[in-house]
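Enquirer: Structure here, sequence nowhere to be found:
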C-alpha cells in the first residue's frame, strides 16, 4: 500500500479566522491525505519546524490578515534553512494578484483565492504526488 500524502495546514500570524483552513483540511482528508492541522496563531518558525518534524510532503498556508508578504517569505526562508525546500508550499486567502506573482517567484507553488473549489486543491496536490 502506498504512503498517504502528508499535508500540514497552518494559520500563520495573528489571523484568527480558520474556517477556510478547516474546510481545505477536511477536503484533503476526505481525498485520502494525512492532515496535520497546526491551529491558529502560528509563527513561521513553528510552521517550518512542524513541517520538518512531521515529515510532510506539502504545507498549506492560510492567511486573511494581509501579512502574506511577511509570513510566506519567512516560512520559505526557514524551510530552505532546514533543508526542506523539497516540500511543496501552497497558500490561500485574500491575496492580491500582484502579490501572487511575487510569492510564486520565491517558490510558493500556488495560491488559491476565496471561493476555490476544494477539488482544485486536491487535484493540484495529486498532480505532484501521483503515486502516493
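Expert: Perfect, I can see it now. If you're wondering where the values come from, they're calculated on a predicted model, not measured in any experiment.

Enquirer: rest of the way, CA atoms for contacts and neighbours
Expert: Will do.

Enquirer: Assumed residue 75 was part of a strand.
Expert: No: under DSSP: H, G, I helix; E, B strand; the rest coil, residue 75 sits outside any strand and is assigned helix.

Enquirer: That one is in contact with residue 45, isn't it?
Expert: Yes: counting by Cα atoms under 8 Å, residue 45 is a contact partner of residue 75 at 7.1 Å.

Enquirer: which of the two has more neighbours?
Expert: residue 75 (23 against 16; other Cα atoms under 10 Å).

Enquirer: Quick check: nearest residue in space to the more buried one, chain neighbours excluded?
Expert: residue 44 (4.9 Å; Cα to Cα, 6 or more residues apart in numbering).

Enquirer: Can you tell me the SS state at the most centrally placed residue in the chain?
Expert: Closest residue to the average C-alpha location of the chain: residue 60 at 1.1 Å, with Cα atoms, centre = their mean. Three-state assignment for residue 60 (three-state DSSP): strand.

Enquirer: And for residue 91?
Expert: On the basis of three-state DSSP, residue 91 is classed as strand.

Enquirer: shift numbering so it begins at 52
Expert: New numbering, starting at 52: the last item is residue 142.

Enquirer: List the residues that contact the residue nearest to the centre of the chain.
Expert: Contact partners of residue 111, counting by Cα atoms under 8 Å, 6 or more residues apart in numbering, are 58-61, 140-143.

Enquirer: mind putting those residues in TSV, neighbour count, pLDDT and distance to residue 167 included?
Expert: Output for the contacts of residue 111, formatted as TSV (neighbours: other Cα atoms under 10 Å; pLDDT from 0 to 100; distance: Cα to Cα, whole Å):
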residue	neighbour count	pLDDT	distance to residue 167
58	26	98	18
59	23	98	19
60	24	98	16
61	30	97	18
140	23	98	17
141	23	98	13
142	24	97	12
143	21	96	9
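
Enquirer: Moving C-terminal from the helix or strand where residue 72 lies, which element do we reach first?
Expert: Take DSSP states H and E as the rule and residue 72 turns out to sit in helix 70-81. Next helix or strand after helix 70-81 toward the C-terminus (DSSP H and E): strand 85-88.

Enquirer: Brilliant, that's me finished.
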